[in-house]
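Chemist: Sequence plus the predicted model coming up.
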2 protein chains.
Amino acid sequence: MKPLILVTNDDGIVAPGIKNLVNVMKEIGEVIVVAPDSPQSAQGHAITIKKPIRLRKVDVFEGIESYECSGTPADCVKIAKHLLLKDRQIDLCVSGINHGSNASINIIYSGTMSAAMEASLEGIRSVGFSLEDFSFKANFEPCLPYVKQISEWVLNEQLENTNLLNVNFPKLAEGEAYKGMKICRQAEARWIERFHEATDPFGEKYYWLTGDFVDEDNRPNTDVKALKQGYISIVPSHHDLTQYDALDGRLKDLESK
Amino acid sequence: MKPLILVTNDDGIVAPGIKNLVNVMKEIGEVIVVAPDSPQSAQGHAITIKKPIRLRKVDVFEGIESYECSGTPADCVKIAKHLLLKDRQIDLCVSGINHGSNASINIIYSGTMSAAMEASLEGIRSVGFSLEDFSFKANFEPCLPYVKQISEWVLNEQLENTNLLNVNFPKLAEGEAYKGMKICRQAEARWIERFHEATDPFGEKYYWLTGDFVDEDNRPNTDVKALKQGYISIVPSHHDLTQYDALDGRLKDLESK
């Protein structure tokens, strides 16, 4: 029997990235798509609890059962799992291919990765795919054989310790090829924000968030470094934010207060 | 010189929780408030990049410089740090007191904790405070001495390994007192979702997300367990989602493909 594969993203159901992803998944399993009805970049792990969610069956991918959803990427996974596919086992969830990198700290802001993480919380093996190119016209072609290979590998292997992979593809120059795949740690890089200040037509000030991505992590084996060197980065990930090193430190003093 | 303390939350600037938090912080430092202009629960680590952000100076807390912001909790911290307080060192960021628990997996959905985490990414010591009571009329009174104690402790100590604490208070029954504080790990608990289905006045279906929180984590020392036993849980936290145990496992096979 073919594996059941849930496909979602955060750029919205009509983004080229998800179209490419669906085309690859069709070759390896039965596909169902539940994706946001509008772009949801930088939504982090937002979920919709204060208002209702709309769901509409759409005909976007030929021969593929597809739904657009008014909610966040994490909502899409919840609704697929608990409303649409209640009695069926989802063998794999793939999210993306995102237009833009989700390496390093971007994982916490990313709608793409929040969808993949939401599936992993449900015990579903999941992979978020992202290409280091924000353009709507980004060239996903060179990624596709790797997307297929990684997805098949995850379906066939029972990985110990992780059911969530953060996969990022560097942007290739014309004629360049990927150097291969590297298993990495999340780089300790960050954004230095700037607020663009302007005035609206009514004379009111507004601010627009922008910034520069800065990587000062000199440790070997980070995802940002792998991407810079032309490798595809794969970071095994999880959702336990405990800082274990600090559990038995001086923090314990608080217990006696 | 008094320490500079940034106060934010996700329930919005008029929520009782932040009022209580501001009252405590006034006693220990110079306070600036930047908080969402509307409730932003379950916003996860969302940030606003596709539209402008509005910021307005408001007079909500007597004698305290305060701003309401149209953005997410994480946006509030970014705008405080990079627009309002550019040249000043923020000594502590506190977020909350949230109306509702952010223990266990709730940390990833939580706007309260995303604000605290955003500050920690900037190298600011930060604490998210949450009370296990969703009610607008929740009684924050018993939390306040502990909020003060923890904040002062964090200000005075140079903690190794962590600059982010997730603090949760259990709901007390009438006449009950907290048993003390416990340093904990994040419980491996989760939500089992249900979608409430209904029809709007126009005959269109909608879905409303609800669910049950399930804790099957039998390991000692989890935050959920501490709360159940009447303790205040303190989880040292971080933003590195790498699953280190999986870095050298079979995943390495992919590198040779």
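Modeler: Arrived safely, thanks for sending.
Chemist: so where's chain A uncertain?
Modeler: Within chain A, no stretch has pLDDT under 70.
Chemist: can you map out the strands along it?
Modeler: Under the criterion DSSP state E, chain A contains strands at A:4-8, A:30-36, A:55-58, A:65-69, A:92-99, A:126-131, A:164-169, A:181-183, A:189-199, A:205-215, A:232-236.
Chemist: Redo those as CSV? Include mean neighbour count and distance to chain B.
Modeler: All C-beta atoms are positioned from the backbone trio N, CA, C, and that covers glycine. Shown next, in CSV, are the strands of chain A (neighbours: other C-beta atoms under 10 Å in any protein chain shown; distance: least, C-beta to the nearest C-beta, whole Å):
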stretch, mean neighbour count, distance to chain B
strand A:4-8, 25, 15
strand A:30-36, 24, 12
strand A:55-58, 15, 6
strand A:65-69, 20, 9
strand A:92-99, 29, 13
strand A:126-131, 28, 11
strand A:164-169, 28, 7
strand A:181-183, 22, 5
strand A:189-199, 15, 4
strand A:205-215, 15, 4
strand A:232-236, 28, 4
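Chemist: Now distance to B:Lys81 too, for the ones you listed, in JSON lines please.
Modeler: Listed next are the strands of chain A as JSON lines, based on distance: least, C-beta to C-beta, whole Å:
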{"stretch": "strand A:4-8", "distance to B:Lys81": "32"}
{"stretch": "strand A:30-36", "distance to B:Lys81": "30"}
{"stretch": "strand A:55-58", "distance to B:Lys81": "38"}
{"stretch": "strand A:65-69", "distance to B:Lys81": "34"}
{"stretch": "strand A:92-99", "distance to B:Lys81": "27"}
{"stretch": "strand A:126-131", "distance to B:Lys81": "27"}
{"stretch": "strand A:164-169", "distance to B:Lys81": "26"}
{"stretch": "strand A:181-183", "distance to B:Lys81": "33"}
{"stretch": "strand A:189-199", "distance to B:Lys81": "8"}
{"stretch": "strand A:205-215", "distance to B:Lys81": "12"}
{"stretch": "strand A:232-236", "distance to B:Lys81": "27"}
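Chemist: which residues touch the closest residue to A:Trp153 other than its chain neighbours?
Modeler: Spatial nearest neighbour of A:Trp153, chain neighbours left out: B:Leu254 (6.2 Å); criterion: C-beta to C-beta, 6 or more residues apart in numbering or on different chains. Listed by C-beta atoms under 8 Å, 6 or more residues apart in numbering or on different chains, the contact set of B:Leu254 reads A:Gln149, A:Ile150, A:Trp153, A:Met181, A:Ile183, A:Ile234.
Chemist: again, only using 7 Å
Modeler: Listed by C-beta atoms under 7 Å, 6 or more residues apart in numbering or on different chains, the contact set of B:Leu254 reads A:Ile150, A:Trp153, A:Met181, A:Ile183, A:Ile234.
Chemist: now swap in A:Ile183 and tell me
Modeler: The contact partners of A:Ile183, by C-beta under 7 Å, 6+ apart, come to A:Ile234, B:Leu247, B:Leu251, B:Lys252, B:Leu254, B:Glu255.
Chemist: Which strand residues bridge it?
Modeler: A:Ile234 (DSSP bridges).
Chemist: For A:Gly230, see how far away it is.
Modeler: 16 Å (C-beta to C-beta, to the nearest Å).
Chemist: State the distance from A:Trp156 to A:Ile124.
Modeler: Check again: residue A:156 is Asn, not Trp. 16 Å.
Chemist: Between those two, which has more neighbouring residues?
Modeler: Using other C-beta atoms under 10 Å in any protein chain shown, the more surrounded residue of A:Asn156 and A:Ile124 is A:Ile124, with 21 against 8.
Chemist: quick revisit: for the contacts of A:Ile183, which one is nearest B:Gly17?
Modeler: Taking C-beta to C-beta as the measure, B:Leu247 is the one of those closest to B:Gly17, at 39.5 Å.
Chemist: Tell me how many other residues surround the closest one.
Modeler: 18.
Chemist: Just give the nearest non-adjacent residue to it, would you?
Modeler: Nearest residue to B:Leu247, sequence neighbours excluded (C-beta to C-beta, 6+ apart): A:Ile183, at 6.0 Å.
Chemist: One more: A:His196?
Modeler: Among residues not flanking A:His196 along the chain, A:Trp208 sits closest, at 4.3 Å (C-beta to C-beta, 6+ apart).
Chemist: Could you report the separation of A:Gln89 from A:Gln158?
Modeler: Taken as C-beta to C-beta, the span from A:Gln89 to A:Gln158 is 14 Å.
Chemist: what's the answer for A:Ile105, then?
Modeler: Look at A:Ile105 and A:Gln158: by C-beta to C-beta, they are 30 Å apart.
Chemist: So the two - more neighbours on which side?
Modeler: A:Ile105 (22 against 8).
Chemist: shouldn't the more buried one be in contact with A:Arg190?
Modeler: Yes - the pair formed by A:Ile105 and A:Arg190 meets the contact definition of C-beta atoms under 7 Å, at 5.3 Å.
Chemist: Now list whatever residues contact both of the two.
Modeler: In contact with both A:Ile105 and A:Arg190: B:Leu121, using C-beta under 7 Å, 6+ apart.
Chemist: contacting residues for A:His82?
Modeler: Contact analysis of A:His82 by C-beta under 7 Å, 6+ apart lists B:Glu193, B:Arg194, B:Phe195.
Chemist: Is the last one in contact with B:Leu209, as I believe?
Modeler: Yes - judged on C-beta under 7 Å, B:Phe195 makes contact with B:Leu209 at a distance of 6.2 Å.
Chemist: Count the neighbours of A:Ser237 for me.
Modeler: Neighbours of A:Ser237 (other C-beta under 10 Å): 23.
Chemist: What are the phi and psi values at A:Tyr138?
Modeler: For residue A:138 the amino acid is Ala, not Tyr. With angles defined as degrees, to the nearest 10, A:Ala138 sits at phi -50, psi 150.
Chemist: OK, contacts around it?
Modeler: Counted by C-beta under 7 Å, 6+ apart, A:Ala138 has contacts A:His99, A:Leu131.
Chemist: Show me where the stretch 1-150 of chain A has its helices.
Modeler: Using DSSP state H, counting those that start in this stretch, the helices of the stretch 1-150 of chain A run over residues A:16-26, A:73-79, A:106-109, A:111-121, A:144-156.
Chemist: Okay, buried residues for the longest one please.
Modeler: Neighbour counts using 16 or more other C-beta atoms under 10 Å in any protein chain shown place A:Leu144, A:Tyr146, A:Val147, A:Ile150, A:Ser151, A:Glu152, A:Trp153, A:Val154 of helix A:144-156 among the buried residues.
Chemist: My guess is the first one contacts A:Asn20. True?
Modeler: Spelled out, that is A:Leu144. Yes - the pair A:Leu144 and A:Asn20 passes the contact test of C-beta under 7 Å, sitting 6.3 Å apart.
Chemist: Name the residues contacting each of those two.
Modeler: With C-beta under 7 Å, 6+ apart, A:Leu144 and A:Asn20 have no common neighbours.
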